[in-house]
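Q: Let me see the structure of the following:
(chains A and B)
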Amino acid sequence: SAVISQKPSRDICQRGTSLTIQCQVDSQVTMMFWYRQQPGQSLTLIATANQGSEATYESGFVIDKFPISRPNLTFSTLTVSNMSPEDSSIYLCSVVSGGAYEQYFGPGTRLTVT
Amino acid sequence: ILNVEQSPQSLHVQEGDSTNFTCSFPSSNFYALHWYRWETAKSPEALFVMTLNGDEKKKGRISATLNTKEGYSYLYIKGSQPEDSATYLCASPRGSTLGRLYFGRGTQLTVWP
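A: You can find the predicted model right below:
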């Protein structure tokens, strides 16, 4: 199993600013994943973060808006840049650890953009 | 895009009632089906990962079945308790790469004492 922590747990930010979300895992993992859930929508994958290489973004998400860092095998950050109210979401990081298909999630960062 | 659909969107039951939810997914190129339980302000908790057609899994009062040929899975809760109140999510992988999941919108369950 894997235990994941995220910081901050919640924040209220102004339009046009940026927020960096941190994700820490208690074990080394190859890939980390960033998801978001907008109000009333499903959890949606933003990008996959590999240590030592650039993140891979899903359709509809770009690096300029959601830059990701992955400095080591237990840590990653996601920045939400130039925020707008549409960025108000729960952001979660996730890892696959242990057996195949065993996937774990952090508790989420609840972001409100005003 | 892989469409994962869940129904109902929300459900209110009395303590002691049994209930079930449905998750439907495309039956082609199937790899796995995940069920999660998500309480507010907590991490989504993995309930089951199902990979084989006809699979049935059980964890306490919660069980799940899988039909990959017709593309659906059922989650059952027997004798619901207030602590079962949560959003139940199902998800299926985007291809063979681990970790990249398509999620349904979830079923929000409220169990009244």
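
Q: residues in contact with the residue nearest the centre of chain A?
A: By CA atoms, centre = their mean, chain A has its centre lying nearest to residue A:34, at 3.4 Å. Contacts were defined as CB atoms under 8 Å, 6 or more residues apart in numbering or on different chains; by that measure residue A:34 touches A:23, A:45-47, A:49, A:66, A:68, A:76, A:78, A:91-94. In short, each C-beta sits where N, CA and C put it, glycine included.

Q: Please repeat the previous calculation with a cut-off of 7 Å.
A: A:46, A:47, A:49, A:68, A:78, A:91, A:93 (CB atoms under 7 Å, 6 or more residues apart in numbering or on different chains).

Q: So it versus residue B:10, what's the distance?
A: 27 Å (CB to CB, to the nearest Å).

Q: which stretches of the chain have low pLDDT?
A: Since no chain was named, I'll use chain A. Low-confidence segments of chain A (pLDDT under 70): A:99-100.

Q: Switch to chain B, please.
A: B:1-2.

Q: can we see that at 80?
A: Low-confidence segments of chain B (pLDDT under 80): B:1-2, B:95-97.

Q: Find the helix or strand that the residue nearest to the centre of chain A is a member of.
A: Assigned by DSSP states H and E, residue A:34 belongs to strand A:31-37.

Q: still on that earlier bit, excluding residues flanking it in the chain, which one is nearest the residue nearest to the centre of chain A?
A: Nearest non-adjacent residue to residue A:34, counting by CB to CB, 6 or more residues apart in numbering or on different chains: residue A:46, 4.4 Å away.

Q: who touches the one you found in this structure?
A: A:34, A:35, A:36, A:57, A:58, A:61, A:66.

Q: Now that the fifth one has come up, it's in contact with residue A:45, right?
A: Yes. Under the criterion of CB atoms under 7 Å, residue A:58 makes contact with residue A:45 at 5.1 Å.

Q: Between these two, which is the more surrounded one?
A: The residue with more neighbours, out of residue A:58 and residue A:45, is residue A:45; 21 against 15, by other CB atoms under 10 Å in any protein chain shown.

Q: Let me see the contact set for residue B:80.
A: With CB under 7 Å, 6+ apart, residue B:80 has these contacts: B:13, B:15, B:16, B:17, B:18, B:19, B:111.

Q: what ranges do the strands span in the chain?
A: In the absence of a named chain, this looks at chain A. Per DSSP state E, chain A carries strands over the ranges A:4-7, A:10-13, A:19-25, A:31-37, A:44-50, A:56-57, A:68-72, A:75-80, A:89-96, A:103-105, A:109-113.

Q: my bad, the chain I had in mind was chain B
A: B:5-7, B:10-14, B:19-24, B:33-38, B:45-50, B:56-59, B:62-67, B:72-77, B:86-93, B:101-103, B:107-112.

Q: Would you give the sheet partners of the strand holding residue A:34, along with the direction of each?
A: strand A:44-50 (antiparallel), strand A:89-96 (antiparallel) (DSSP bridges).

Q: Redo the strands of chain A as CSV? Include distance to residue B:107.
A: Output for those, formatted as CSV (distance: least, CB to CB, whole Å):
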stretch, distance to residue B:107
strand A:4-7, 24
strand A:10-13, 25
strand A:19-25, 27
strand A:31-37, 15
strand A:44-50, 18
strand A:56-57, 29
strand A:68-72, 31
strand A:75-80, 28
strand A:89-96, 17
strand A:103-105, 18
strand A:109-113, 21
